[in-house]
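**Student:** return atomic coordinates for the entry below.
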Amino acid sequence: MATTIAAKQNVKEAGIARLTRNSAVLLISAALLVLAGLYGLMSGAIAIPARDVWTSLLHSSDSEARQIVWNLRLPRVLTGMLAGICLAISGAFLQGVFRNPLADPGIIGVSSGGGLAAVIIMILFPEHIAYLPISAFIGALAAAAVVYSLAWKGGASPIRLILAGVAVNSLLGAAMTALMILNSEKVQSVLPWMSGSLNGRSWPHFDTLLPYTIVGLIASLFLIKTANLLVLGDDAAKLLGSRVEIGRLLIILLSTFLAGAAISIVGMVGFVGLVVPHIVRLIVGNDYRIFLPISATCGGALIIAADTAARSWFDPIEFPVGILLALLGAPFFLYLLRRGARR
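**Tutor:** Below is the predicted model:
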């Protein structure tokens, strides 16, 4: 009896310690998001002190600082935050549903599907450039649908989904390259979008991405339980009453929805959906109740910080944020892989 009571007490204390640690990590990630946003509003060709930033945000005026902060930097920072949230949540869900820490939106052809649709609009139908966001989003959804149909064989296992995704991703990437080669005189207008960039993003872009993000966040709340069950494996999830195929399909559709929305606004930004959830999982584990919100806040902070660095560190050149994330993210992720292998 005494042993049982002691064991229960240990479990309770471990749970309290885990809750305290996870709450602290969530608060730290939220603080990082706020600091990254402040850094983005302060930094640029014209540096603005933090006091002037707060004054510009809280009080209407015709000052230069107000115009720069409110009309140029704030919409760019907020758009980057929403894109980072969408990509990080998408990657977090896909890594769980595939039970593969290397999964990201590109693994099921979402990025390439949206990219091909956007390239078609920008190169072949530039007069319809206003339809670029919806075209990229539809392309991402179509790519995910093709991958899922190819992987279906009485069910869509994670292995078949990954293999089908790699094949479709390669095919769509080749189609994009061929289209740009055949229309080389128009490639210059496509390259910034292909590299991933927040240059020129303003309030209309934020207004376009905001409803997609809100819908995606709300839908994510309803799929947390399903994601937690799928992480355990298909057999365990079925024993616990989960409808595995329906749950997997819904999560893939939601991940495609979020990634497609982000790609349609900021272009082919990579590594956010791969690196951020992977690092967060190492810190807080696989429980999506805490794993998902921390991934979202860290994803938003990462895009804001990387975009601010890309536009301020290389002045007068504005570096595409997608290239900077690849240059910084790839070596860091390789370090994590080697560290995990040693363990």
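**Student:** what is the neighbour count of Ala31?
**Tutor:** Neighbour count of Ala31, defined by other C-beta atoms under 10 Å: 12. Every C-beta, even on glycine, is put in place using the N, C-alpha and C of the backbone.
**Student:** state the distance from it to Gly196.
**Tutor:** 26 Å (C-beta to C-beta, to the nearest Å).
**Student:** which SS state does the residue nearest the centre of the chain fall under?
**Tutor:** Nearest to the geometric centre of the chain sits Leu87, at 1.2 Å (C-alpha atoms, centre = their mean). Three-state assignment for Leu87 (DSSP: H, G, I helix; E, B strand; the rest coil): helix.
**Student:** thought it was touching Gly299?
**Tutor:** Yes. Counting by C-beta atoms under 8 Å, Leu87 does reach Gly299; the two are 5.8 Å apart.
**Student:** what's the overlap in contacts for these two?
**Tutor:** Common contacts of Leu87 and Gly299 (C-beta atoms under 8 Å, 6 or more residues apart in numbering): Val272, Gly273, Val276.
**Student:** the first one and Gly300 touch, don't they?
**Tutor:** Going back to what we said before, that points to Val272. No. Counting by C-beta under 8 Å, Val272 sits too far from Gly300 to count as a contact (9.4 Å).
**Student:** between those two, what contacts are shared?
**Tutor:** With C-beta under 8 Å, 6+ apart as the test, Val272 and Gly300 both reach Gly84, Ala88.
**Student:** compare the two (neighbour count), which wins?
**Tutor:** Counting neighbours by other C-beta under 10 Å for Val272 and for Gly300 shows that Val272 has the greater number, 33 against 30.
**Student:** which ones are touching the more buried one?
**Tutor:** Gly84, Leu87, Ala88, Gly91, Gly299, Leu302, Ile303, Leu325.
**Student:** what's the offset of stretch 321-337 from the middle of its chain?
**Tutor:** When C-alpha coordinates are averaged (C-alpha atoms, centre = their mean, to the nearest Å), stretch 321-337 and its chain have centres 15 Å apart.
**Student:** typo on my end, stretch 96-103
**Tutor:** 15 Å.
**Student:** quick check: mean pLDDT across it?
**Tutor:** On average, the pLDDT along stretch 96-103 is 76.
**Student:** so how far is the first residue of it from its last?
**Tutor:** 9 Å (C-alpha to C-alpha, to the nearest Å).
**Student:** got a list of contacts for it?
**Tutor:** With contact meaning C-beta under 8 Å, 6+ apart, stretch 96-103 is reached by 91, 94-95, 107, 158, 161-162, 227, 230-231, 233, 248, 251-252, 255, 274, 278, 281, 286, 288.
**Student:** pull out the buried members of the residues you listed.
**Tutor:** Among the contacts of stretch 96-103, those scoring as buried are 91, 94-95, 107, 158, 161-162, 227, 230-231, 248, 251-252, 255, 274, 278, 281, 288 (criterion: 16 or more other C-beta atoms under 10 Å).
**Student:** next step: the contacts of stretch 96-103 restricted to helices.
**Tutor:** Judged by DSSP state H, the subset of these located in helices is 91, 94-95, 158, 161-162, 227, 230-231, 248, 251-252, 255, 274, 278, 281, 288.
**Student:** other SSEs contacting the stretch of helix or strand Ile246 belongs to?
**Tutor:** Using DSSP states H and E, Ile246 falls within helix 244-266. Helices and strands touching helix 244-266, by 3 or more C-beta pairs under 8 Å, 6 or more residues apart in numbering; DSSP states H and E, are helix 74-97, helix 110-124, helix 132-151, helix 203-231, helix 234-239.
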